[in-house]
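Engineer: No letters, just coordinates:
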């Protein structure tokens, strides 16, 4: 005799994984060690004797599509969930749970792999990460157990009526073709352990005084991948007990996690007594200029050398591997010194590195180690996106490198060009000086290969906030962009974290991943 699936799930509350995703549900399924939220749901259906009503899968994508294909999927906003439904979170993350009840605009759930255990959770029905509900055709369900009357009175006829939104979605699915990429990536990845509540605390250190300053309006943190310090902006009502000064240390925590550490550089006051603050992390000091000559150093050693000279704090600096024979940097910014070393390393090692500040410590990491699998970008993720194709900046079809040959009393030139693209776009020339003639031809060829292509950028707005995402992160993207289809990891060139009215969202500028170089 069939049992109530919710009674089965409730008996599991408090069960924890014993290691890295090691659970009895994974052992039952045969894929122990993988993300186990859907395996838990499938296990509960099996234990309840209603396995045929719920797909047996470890994939939330497969599970949701199973219900869609059977006409048993209801999208958020057009349906009131009821006891025993599967709740799918596929907008910005990949997760699933079981609906225990729904009452007063709140849905109550039981979920596996929620902070590594089986837990009860609750969400407003408008929660942004909810995509919709799988509605199994159970033979038996105890609908009297704490189920809200509103769900019990659901009109059967209206629940079967397909909304205009659903029709549009299904037409898009049917019209889609397989993504055209060399190595398609599966995006059913790690689950979000907890929702971004976006609770922000701004703590200021002014000499011996330390206080949390009440922030009004929106607070923003902006990170860019090259040549720009991390930037924090916020506003607060002027109050004598919250006295601040230039150079004061500011620490931002989000949901009790340290998020941003920097120093006040600018304050301004308006007529209504509102103070506006601009705070930069320690990368701001890399805007200083200097003249440096160094020999036989890797890019990470260059970072360490500069940090020691200017009193900057270092954290983890990845060994970049390539030893730069000699470099003369004359009256250039520290940003440029470091970026020149990273660019030269990239051309030789074919690996991209990102320098960033992590809560007061300089970090240098290869982008391969900065994947964020909790932030899926697709058409349902953000409020809006803009796709731009341009040759207006950072695109070159002719490279000219100049070496000052003191022995000859002349300049040696190293040239590479793409005649085909010159005929199409006109001459777009990159010019630079070099210190070593032995690398002239190789470097010109490498630069042409790097820059001789149209620049495609994708800006996505209103993405659900994720504290792990910063400039230099790789995030999974699946989008149809008219002339190109993307299904791959893309590089975050710029990340703007926005905290406003207790909502936490991000605007992201993306490149790479078979999309642009």
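Structural biologist: Arrived safely, thanks for sending. Keep in mind that this is a model prediction, so the values were computed, not measured.

Engineer: and the lengthiest strand in the chain, average pLDDT?
Structural biologist: For the chain, the longest strand by residue count, based on DSSP state E, is strand 485-500. Average pLDDT, strand 485-500: 89.

Engineer: and the closest residue to residue 352 other than its chain neighbours, what does it touch?
Structural biologist: In this structure, residue 352 finds its nearest non-sequential neighbour in residue 367, 5.0 Å apart by Cβ to Cβ, 6 or more residues apart in numbering. Using the backbone N, CA and C atoms, a C-beta is placed for each residue, glycine as well. Shown in contact with residue 367 (Cβ atoms under 8 Å, 6 or more residues apart in numbering): 352-354, 472-474, 491.

Engineer: sorry, back to before: pull out the buried residues from the longest strand of the chain.
Structural biologist: Buried residues in strand 485-500, counted by 16 or more other Cβ atoms under 10 Å: 485-499.

Engineer: Ok, stretch 497-511 next?
Structural biologist: Quick answer for stretch 497-511 (16+ other Cβ under 10 Å): 497-499, 504-511.

Engineer: Endpoints of it, how far apart?
Structural biologist: Terminal residues of stretch 497-511 lie 18 Å apart, using Cα to Cα, to the nearest Å.

Engineer: Now do the strands in the stretch 151-300 of the chain.
Structural biologist: In the stretch 151-300 of the chain, the segments counted as strands under DSSP state E, counting those that start in this stretch are 200-206, 209-212, 216-224, 231-237, 249-254, 257-269, 274-280, 289-297.

Engineer: picking up where we left off before, packing partners of the longest strand of the chain?
Structural biologist: strand 216-224, strand 455-464, strand 474-480, strand 503-511 (3 or more Cβ pairs under 8 Å, 6 or more residues apart in numbering; DSSP states H and E).

Engineer: which residues make contact with the first one from outside it?
Structural biologist: It refers to strand 216-224. Residues contacting strand 216-224 (Cβ under 8 Å, 6+ apart): 200, 202, 230-237, 252, 259-260, 274, 356, 470-471, 493-501.

Engineer: follow-up on the earlier one: kindly indicate which of the buried residues of stretch 497-511 lies nearest residue 425.
Structural biologist: residue 511 (19.5 Å; Cβ to Cβ).

Engineer: I'd like the strands of the stretch 151-300 of the chain as a markdown table, with mean neighbour count appended.
Structural biologist: Below are the strands of the stretch 151-300 of the chain laid out as a markdown table (neighbours: other Cβ atoms under 10 Å):
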| stretch | mean neighbour count |
| --- | --- |
| strand 200-206 | 17 |
| strand 209-212 | 12 |
| strand 216-224 | 18 |
| strand 231-237 | 19 |
| strand 249-254 | 19 |
| strand 257-269 | 16 |
| strand 274-280 | 18 |
| strand 289-297 | 13 |
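
Engineer: Reformat those as TSV; add distance to residue 25.
Structural biologist: Listed next are the strands of the stretch 151-300 of the chain as TSV, based on distance: least, Cβ to Cβ, whole Å:
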stretch	distance to residue 25
strand 200-206	36
strand 209-212	42
strand 216-224	38
strand 231-237	42
strand 249-254	31
strand 257-269	29
strand 274-280	45
strand 289-297	51
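
Engineer: what's the closest of those to residue 36?
Structural biologist: Using Cβ to Cβ, the strands of the stretch 151-300 of the chain put strand 257-269 closest to residue 36, at 24.3 Å.

Engineer: sorry, back to before: quick one, which of the helices and strands packed on strand 485-500 is nearest to residue 76?
Structural biologist: Nearest of the helices and strands packed on strand 485-500 to residue 76, taken as Cβ to Cβ: strand 455-464 at 13.9 Å.

Engineer: gap between residue 469 and residue 463?
Structural biologist: Separation of residue 469 from residue 463 (Cβ to Cβ, to the nearest Å): 8 Å.

Engineer: mind listing the helices in the stretch 351-500 of the chain by residue range?
Structural biologist: Under the criterion DSSP state H, counting those that start in this stretch, the stretch 351-500 of the chain contains helices at 419-425, 440-451.

Engineer: Out of those helices, which is the most enclosed?
Structural biologist: Comparing the helices of the stretch 351-500 of the chain by mean neighbour count (mean count of other Cβ atoms under 10 Å), helix 440-451 ranks first with a mean of 17.

Engineer: Name the residues that touch that one?
Structural biologist: In contact with helix 440-451 (Cβ under 8 Å, 6+ apart) are residues 344, 347, 394-401, 403, 412, 414-418, 430, 434, 517.

Engineer: Report the rounded mean pLDDT for that helix.
Structural biologist: Rounded mean pLDDT across helix 440-451 is 84.

Engineer: so the spatially closest residue to residue 295 that is not a sequence neighbour, which of the three states?
Structural biologist: Spatial nearest neighbour of residue 295, chain neighbours left out: residue 326 (4.9 Å); criterion: Cβ to Cβ, 6+ apart. On the three-state scheme (DSSP: H, G, I helix; E, B strand; the rest coil), residue 326 is labelled strand.

Engineer: Count the residues that sit near residue 326.
Structural biologist: By other Cβ atoms under 10 Å, 11 other residues sit near residue 326.

Engineer: about what we covered before: pairing partners for the longest strand of the chain, with directions?
Structural biologist: Strand pairing for strand 485-500, using DSSP bridges, gives strand 216-224 (antiparallel), strand 474-480 (antiparallel), strand 503-511 (antiparallel).

Engineer: tell me the pLDDT at the closest residue to residue 284 other than its chain neighbours?
Structural biologist: In space, and not counting its chain neighbours, residue 284 is closest to residue 229: 4.0 Å by Cβ to Cβ, 6+ apart. Predicted confidence (pLDDT) at residue 229: the value is 97.

Engineer: Surely residue 229 touches residue 279?
Structural biologist: No - if you go by Cβ atoms under 8 Å, residue 229 and residue 279 don't touch, sitting 9.8 Å apart.

Engineer: Out of the helices of the stretch 351-500 of the chain, flag the one nearest residue 270.
Structural biologist: Closest approach to residue 270 among the helices of the stretch 351-500 of the chain is made by helix 440-451 (43.9 Å; Cβ to Cβ).

Engineer: and that closest one, how far from the chain's centre?
Structural biologist: Taking Cα atoms, centre = their mean, to the nearest Å, the mean C-alpha location of helix 440-451 is offset from the chain mean by 31 Å.

Engineer: swap in stretch 87-97?
Structural biologist: Offset of stretch 87-97 from its chain centre (Cα atoms, centre = their mean): 16 Å.

Engineer: related to what we said a few turns ago, quick one: contacts for the residue nearest to residue 284?
Structural biologist: Contacts of residue 229 by Cβ under 8 Å, 6+ apart are 280-284, 286-287, 357.

Engineer: Could you do residue 237 as well?
Structural biologist: 214, 216, 273-275.
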